[in-house]
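Asker: No sequence on hand, only this structure:
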């Protein structure tokens, strides 16, 4: 949202950046607020450009951006609404499907999450999908299948901390405490905090 104020303190415009016309409108109102054009010229400028409606993909991406901000603030319910809106606009977008499936899994709706993951195109089913499927298999008490999915997720994922954590849960269920402890340790070591500790504790050659 942009509010434009004239030098005398009056509000000239209150705009939301929701369309491609936003930049043109801001420029026109700024010129008017600065006294470079009069009201007639402002009206002519605003009427002269053709408003271009955002594509469904652009609108879906905007909902995704809002959802990410909501998630970063712990507002899961609001994020879920934004992701659902994005999915309505782009029902076949793998990134939206995966993000919404993860949200549904986080709030305990395993059935809906599983249904969404089943729709993800096989070519887009990377390590994150394997991680989410592993979590779903844990929830369904299918521990052997979960172990296979999470092992694959660990091998393929450049950021495997979460996959290592859930793999540790599988090993803990199996009663293999050594492998569980090793997986939990690796999960911590691959978190940003764990990586920082590892870097800080590194000792250069020839030093004590």
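Answerer: Good, I have the coordinates. Bear in mind that the values here come from a model prediction, so they are computed numbers and not experimental data. Numbers count the residues shown, from 1 in each chain.
Asker: roughly how far apart are the nearest residue to residue 87 once chain neighbours are set aside and residue 106?
Answerer: Once flanking residues are discounted, residue 87 sits nearest to residue 96: 5.1 Å by CB to CB, 6 or more residues apart in numbering. C-beta coordinates here come from the backbone N, C-alpha and C atoms, glycine included. Remark: distance between residue 96 and residue 106 (CB to CB, to the nearest Å) = 16 Å.
Asker: Just the strands from the chain, written as ranges.
Answerer: 2-5, 11-15 (DSSP state E).
Asker: Can you list the buried residues in the longest one?
Answerer: Which is strand 11-15. Neighbour counts over strand 11-15 (16 or more other CB atoms under 10 Å) mark 13, 15 as buried.
Asker: list the contacts for the most centrally placed residue in the chain?
Answerer: What sits nearest the mean C-alpha location of the chain, by CA atoms, centre = their mean, is residue 68, with 4.4 Å. By CB atoms under 8 Å, 6 or more residues apart in numbering, residue 68 lies in contact with residue 79.
Asker: Check it and give its pLDDT.
Answerer: As predicted, residue 68 sits at a pLDDT of 82.
Asker: Then residue 95?
Answerer: 85.
Asker: That one and residue 63 touch, don't they?
Answerer: No: the criterion here is CB atoms under 8 Å, and residue 95 misses it with residue 63 at 11.8 Å.
Asker: Neighbour count: those two, which is higher?
Answerer: residue 63 (21 against 15; other CB atoms under 10 Å).
Asker: number of nearby residues for the closest residue to the more buried one other than its chain neighbours?
Answerer: Nearest residue to residue 63, sequence neighbours excluded (CB to CB, 6+ apart): residue 86, at 3.8 Å. Residues near residue 86, counting by other CB under 10 Å, number 27.
Asker: Identify the residues contacting residue 86.
Answerer: Contacts of residue 86 (CB under 8 Å, 6+ apart): 60, 61, 63, 64, 67, 93, 96, 100.
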